[in-house]
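1. have a look; sequence and predicted model below, questions after that.
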Amino acid sequence: MEFELLPRIFQEVGIFHLTLGQILMWFVAGTLIYLGINKKYEPYLMLPIGFGIIVVNLPLVTLMEEGGILRIIYQYGIGKDLLPLLIFMGIGAMTDFGPLIANPITFIIGAATQIGIPVIMMVALLLGFDLKESASIGIIGCADGPIIIYAASKLAPHLLGMIGLAGYSYMALVPIIQPPVMKLLTTKEERRIRMKQTRHVSQTEKILFPLIAPIVIILLVPQSAPIIIMLMVGNLFRESKVVDRLHSVVEGELLHICTIFLGVCIGATMTATVFLTKETLLIFSLGLVNFALCSAFGILMVKFLNLFLKDKINPLIGSAGVSAVPMAARTSHILGRQADPDNWLLMHAIGPNVAGVVASSIISGILLSLLL
Amino acid sequence: MIDWDSACKIFYISILGTFLSMGILTFIIRIIGIIFTHYCHQKEELQE
């Protein structure tokens, strides 16, 4: 009896199955939770992701295996795109497209920042990733969490955890990554440019936007339909001003519930065997370059547009074209005020910022239609 | 083996497609903006 019990204990007790990789993953999770709590780096995501990582790296835990609760949430929530799309509806409900409608040229700046995506896709190809993996690594540069998850879950589900984590980590680091690029590409004189106050946007225009934009975009890029429709229906709730309860649920409870499940599920995809690889290091390095590159393309586009425009645009708002709303716009504003304390760029920078959200939906739709 | 031909096509189509879509949106929103600004202007004038 005793002789039978011992091997059984060895089989059933988790501590005997603990690996060094799993312990390392606890440290990774601990770092994310520390950054979330102490440094306030995307705490709403870092905490559930970190917790998901700890849970999935405990020995003999079957939460992510067939029939496990996290596996079920993952299959329906991420595998069938439910969570990223519902979060996108929440983003739509929180977004004010007014500054973009007032200054539509910022659509072009939003488009320019996306050039970094195919560029990094080509670099990732050179580094040995296949076409679908490269495209999903490229999409990290759009700085839009739900889109990164949506595209990666379709193009490279085995890299989802790393790509999602890289995207959210760099989004939190926008105020650190962008300023050196912005200073490098602009002169002090350019940073001092004061922009003309934007016109008032009427309520009717704000209601028309979420009705017209999806028609135009979906006619051109049908694959972006799920993302654009969710974004715009959320925005219609916001701008119509007659469905306050729907608006508040979509931008509040629904968004938070989806964020919890999305974060835990992303964390739960990161087992030691998947995460502690050379690919992770490459994905994180490419993601960092990608962010810097996308910001740079936005600034360069503004400088190009300024060659033809009578009312000059401050190039600092170009980097806000990456869709990390409102962090990227705030970074432009802060740098603008460093050059000229009376220069208020925030509302101007929100234009390319929300244009980036629309542009990243379009480019991810194009990449999905070409690669699936 | 990298399929560079497909990769280059994806590279160009994704950039051109994004700029085309965003360009058309710029144009449409600009037109709507002009109409509304004009309309609001007229309304203000009438009220005066």
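-> Now that the structure is in, tell me what you want to look at.
2. the residue nearest the centre of chain B - nearest residue in space that isn't next to it in sequence?
-> Compute the mean C-alpha point of chain B, and by Cα atoms, centre = their mean the closest residue is B:Leu25, 2.3 Å away. Leaving aside its sequence neighbours, B:Leu25 sits nearest to A:Phe107 (Cβ to Cβ, 6 or more residues apart in numbering or on different chains; 5.3 Å). The way it works is simple: take the backbone N, C-alpha and C, and place the C-beta from them, glycine included.
3. what about that neighbour, how many residues nearby?
-> Other residues within reach of A:Phe107, judged by other Cβ atoms under 10 Å in any protein chain shown, total 31.
4. what of the one 3 residues further on?
-> A:Gly110: 32 surrounding residues under other Cβ under 10 Å.
5. Three-state assignment for it, please.
-> Following DSSP: H, G, I helix; E, B strand; the rest coil, A:Gly110 is assigned to helix.
6. pretty sure it contacts A:Gly321?
-> Yes. Taking contacts as Cβ atoms under 8 Å, A:Gly110 lies within contact range of A:Gly321: 4.8 Å.
7. what touches both of these two?
-> Counting by Cβ atoms under 8 Å, 6 or more residues apart in numbering or on different chains, the common neighbours of A:Gly110 and A:Gly321 are A:Gly298, A:Pro352, A:Asn353, A:Ala355, A:Gly356, A:Ala359.
8. relative to chain B, how far out is the last one?
-> I take that to be A:Ala359. Separation of A:Ala359 from chain B (Cβ to the nearest Cβ, to the nearest Å): 6 Å.
9. and for the second one?
-> Here A:Pro352 is placed at a distance of 11 Å from chain B (Cβ to the nearest Cβ).
10. in the helix or strand that residue falls within, what counts as buried?
-> Using DSSP states H and E, A:Pro352 sits in helix A:346-371. Using 16 or more other Cβ atoms under 10 Å in any protein chain shown as the test for burial, helix A:346-371 gives A:346-368, A:370-371.
11. got the contact list for the residue nearest to the centre of chain B?
-> A:Pro104, A:Phe107, A:Ala213, A:Val216, A:Ile217, A:Val358.
12. burial count for residue 13?
-> I went with chain A, as the question did not name one. 12.
13. nope, chain B please
-> Other residues close to B:Ile13 by other Cβ under 10 Å number 16.
14. that one reaches A:Leu371, doesn't it?
-> No. With contact defined as Cβ under 8 Å, B:Ile13 does not count as touching A:Leu371 (11.0 Å).
15. tell me the pLDDT at B:Ile13?
-> At B:Ile13, the model reports a pLDDT of 93.
16. show me what the helix holding A:Pro352 packs onto, helices and strands only.
-> Contact analysis of helix A:346-371 by 3 or more Cβ pairs under 8 Å, 6 or more residues apart in numbering or on different chains; DSSP states H and E lists helix A:98-102, helix A:106-113, helix A:131-138, helix A:145-155, helix A:203-220, helix A:225-240, helix A:327-339, helix B:4-47 as its packing neighbours.
17. point out the most buried one among these.
-> Most buried of the helices and strands packed on helix A:346-371 by mean neighbour count (mean count of other Cβ atoms under 10 Å in any protein chain shown) is helix A:106-113; its value is a mean of 30.
18. for the chain, give me the ranges with low pLDDT.
-> Just so you know, I chose chain A. A:1-3 (pLDDT under 70).
19. wait, chain B
-> Applying pLDDT under 70 to chain B flags residues B:41, B:44, B:48.
20. and chain B, which residues reach chain A?
-> B:2-3, B:6-7, B:9-11, B:13-15, B:17-30, B:32-33, B:36-37, B:40 (Cβ under 8 Å from any Cβ of the partner chain).
21. rerun at 7 Å
-> Applying Cβ under 7 Å from any Cβ of the partner chain, one finds that chain B approaches chain A through B:2-3, B:6-7, B:10-11, B:13-15, B:17-26, B:28-30, B:32-33, B:36-37, B:40.
22. how distant is the helix holding A:Pro352 from the center of its chain?
-> Mean C-alpha position of helix A:346-371 versus that of the full chain (Cα atoms, centre = their mean, to the nearest Å) differs by 11 Å.
23. same thing with stretch A:173-190?
-> Worked out by Cα atoms, centre = their mean, stretch A:173-190 lies 20 Å from the chain centre.
24. that stretch: which residues count as buried?
-> The neighbour-count check on stretch A:173-190 (16+ other Cβ under 10 Å) flags A:Leu173, A:Val174, A:Ile177, A:Gln178, A:Pro179, A:Val181, A:Met182, A:Leu185, A:Thr186, A:Glu190 as buried.
25. roughly how far does the third one sit from chain B?
-> From A:Ile177 across to chain B, the span is 22 Å (Cβ to the nearest Cβ).
26. my read: that residue touches A:Ala292, true?
-> Yes. A:Ile177 lies in contact with A:Ala292 (Cβ atoms under 7 Å); the separation is 6.0 Å.
27. what angle do the longest helix seen in chain A and helix A:327-339 make?
-> Determined from DSSP state H, the single longest helix within chain A is helix A:278-306. Interaxial angle, helix A:278-306 versus helix A:327-339 (axes from the mean of the first three to the mean of the last three Cα atoms, to 10 degrees): 60 degrees.
28. for the helix or strand where A:Ile23 lies, packing partners?
-> For A:Ile23, the element it lies in under DSSP H and E is helix A:20-38. On a contact count with 3 or more Cβ pairs under 7 Å, 6 or more residues apart in numbering or on different chains; DSSP states H and E, helix A:20-38 meets helix A:43-56, helix A:272-275.
29. make it 10 Å
-> With contacts defined as 3 or more Cβ pairs under 10 Å, 6 or more residues apart in numbering or on different chains; DSSP states H and E, the packing partners of helix A:20-38 are helix A:43-56, helix A:160-172, helix A:255-268, helix A:272-275.
30. next, the buried residues of the longest helix of chain A.
-> For helix A:278-306, the neighbour count (16+ other Cβ under 10 Å) marks A:279-280, A:282-284, A:286-302, A:305-306 as buried.
31. check stretch A:44-56 too.
-> So, applying 16+ other Cβ under 10 Å, buried residues of stretch A:44-56: A:Leu45, A:Met46, A:Leu47, A:Pro48, A:Ile49, A:Gly50, A:Phe51, A:Gly52, A:Ile53, A:Ile54, A:Val55, A:Val56.
32. of the residues you listed, closest to chain B?
-> The nearest member of the buried residues of stretch A:44-56 to chain B, counting by Cβ to the nearest Cβ, is A:Leu45 at 26.4 Å.
33. pretty sure that closest one contacts A:Gly164?
-> Yes. In this structure, A:Leu45 is within contact of A:Gly164 by Cβ atoms under 10 Å, at 8.7 Å.
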